[in-house]
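# One predicted model, sequence on top.
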Amino acid sequence: MPTEPDWLDPRENRAWRAFLHAHHQIILRLRRQLLQDSGLTWADYEILAVLSEHPTGQMPAQELGALVQWEKSRLSHQIRRMQEQELIVREPNPADGRSAMICLLPAGRRAIEDAAPQHVRNVRRHFIDLFTPAELDTFAALNERVLRHLAEDPFPEESAPDEPALPH
């Protein structure tokens with residue numbers, strides 16, 4: 001006989017729903033402001049930021065996809081779109097003929113350098129400045145705990161062959 005779920009109590013439900021709603025609202029706000037201020041989508045910014053932080057401004061597509069945690073098809077579509085805007089270019093990888101290098105173009109570097117200051121101001125305005133330094137430390141520590149837990153608890157698709165996978 002199935003057991004009753006361990007439902008969230010009011011305090012737990014409040015914390016969970018506030019977290020979800022705040023996360024959703026801040027990302028929505030930052031995405032809209034980024035597009036309005038710079039013409040860049042959130043996805044554009046994410047790719048440009050990763051490439052601009054790399055010493056050479058380029059990296060293998062597979063490494064880029066792993067860093068942004070996107071599926072191969074989503075990354076491919078985004079790269080194609082950004083190539084059309086001449087922000088990045090896809091080139092053969094000299095170290096591995098089966099893969100491509102994604103390279104930041106001068107227009108892409110200018111776009112991220114122009115967008116980043118206002119984006120950071122918006123992050124400060126809607127997040128950082130709302131907390132004391134101690135609260136920021138606590139917030140970071142709590143989220144790092146969640147991330148460690150998730151890293152130690154893989155998705156069923158990542159389970160070992162002898163471990164049963166959950167139905168989809």
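Structure's in. What do you need?

# mind listing the strands for this structure?
58-60, 88-92, 100-104 (DSSP state E).

# want to try CSV for those, with mean neighbour count, mean pLDDT and distance to Gln69 as columns?
Just so you know, the C-beta spots here come from the backbone N, C-alpha and C atoms, and that holds for glycine as well. Formatted as CSV, those follow (neighbours: other CB atoms under 10 Å; pLDDT from 0 to 100; distance: least, CB to CB, whole Å):
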stretch, mean neighbour count, mean pLDDT, distance to Gln69
strand 58-60, 17, 95, 15
strand 88-92, 16, 96, 18
strand 100-104, 21, 96, 15
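
# for the protein, which spans come out with low pLDDT?
Within the chain, the segments meeting pLDDT under 70 span 157-168.

# ok, now with 50
158-168 (pLDDT under 50).

# Enumerate every residue touching the residue nearest to Ile88 when sequence neighbours are not counted.
In space, Ile88 comes closest to Met82 once its chain neighbours are excluded; the distance is 4.8 Å by CB to CB, 6 or more residues apart in numbering. Taking CB atoms under 8 Å, 6 or more residues apart in numbering, we find Met82 in contact with 44, 47-48, 88, 108.

# same thing but at 7 Å, please
44, 47, 88 (CB atoms under 7 Å, 6 or more residues apart in numbering).

# one step back: relative to Glu152, which of the strands of the chain is closest?
Of all those, it is strand 58-60 that lies closest to Glu152, at 27.1 Å by CB to CB.

# who's in contact with the closest one?
Contacts to strand 58-60, defined as CB under 7 Å, 6+ apart, come from residues 51, 93, 99, 101-104.

# what's the farthest-apart pair in those residues?
Spatial extent of these (CB to CB) is set by the pair Ser99 and Leu104 at 17.2 Å.
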